[in-house]
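Trainee: Provide a 3D model corresponding to the input given below.
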Amino acid sequence: MACRRWGRHDVHLLVEAKLALQVGGRHGRPVLLTIRAGDLHRAGQVFRCSANGVWLVAAVRRNNIEFPAV
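Mentor: Okay, here's the model as predicted:
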């Protein structure tokens, strides 16, 4: 199963955790997920970087996501 894009064209990724939490906090309580981007890249996933420094990818499979401990 791939990560949902929530009505967007791509999954949006940020390198800096602080900025990711700030952006995510605009829509409620943010949850920080770690994406194993290197594994995605080696599997052939294409990444693009937007003008504002956000990395874009079409999909992220669940096995490439590290979820926070509950």
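Trainee: for the record, mean pLDDT for the longest helix along the chain?
Mentor: What stands out as the longest helix in the chain, according to DSSP state H, is helix 17-24. The predicted model gives helix 17-24 an average pLDDT of 90.
Trainee: Tell me where the protein is predicted with low confidence.
Mentor: For the chain, residues meeting the criterion pLDDT under 70 lie at 1-8.
Trainee: which outside residues touch the longest helix of the chain?
Mentor: Leu14, Pro30, Val31, Leu32 (C-beta atoms under 8 Å, 6 or more residues apart in numbering). Quick note: C-beta positions are derived from backbone N, CA and C, even for glycine.
Trainee: quick one: contacts for Leu56?
Mentor: Per C-beta under 8 Å, 6+ apart, neighbours of Leu56: His9, Asp10, Val11, His12, Leu13, Phe47, Arg48, Cys49, Ser50.
Trainee: wait, doesn't the fifth one sit right on Val54?
Mentor: Yes: at 7.0 Å, Leu13 and Val54 qualify as touching, with contact defined as C-beta atoms under 8 Å.
Trainee: For the longest helix of the chain, buried residues please.
Mentor: For helix 17-24, the buried set under the neighbour-count rule, 16 or more other C-beta atoms under 10 Å, comprises Ala20.
Trainee: which residues in the chain form helices?
Mentor: Under DSSP H, the chain gives helices at 17-24, 37-42.
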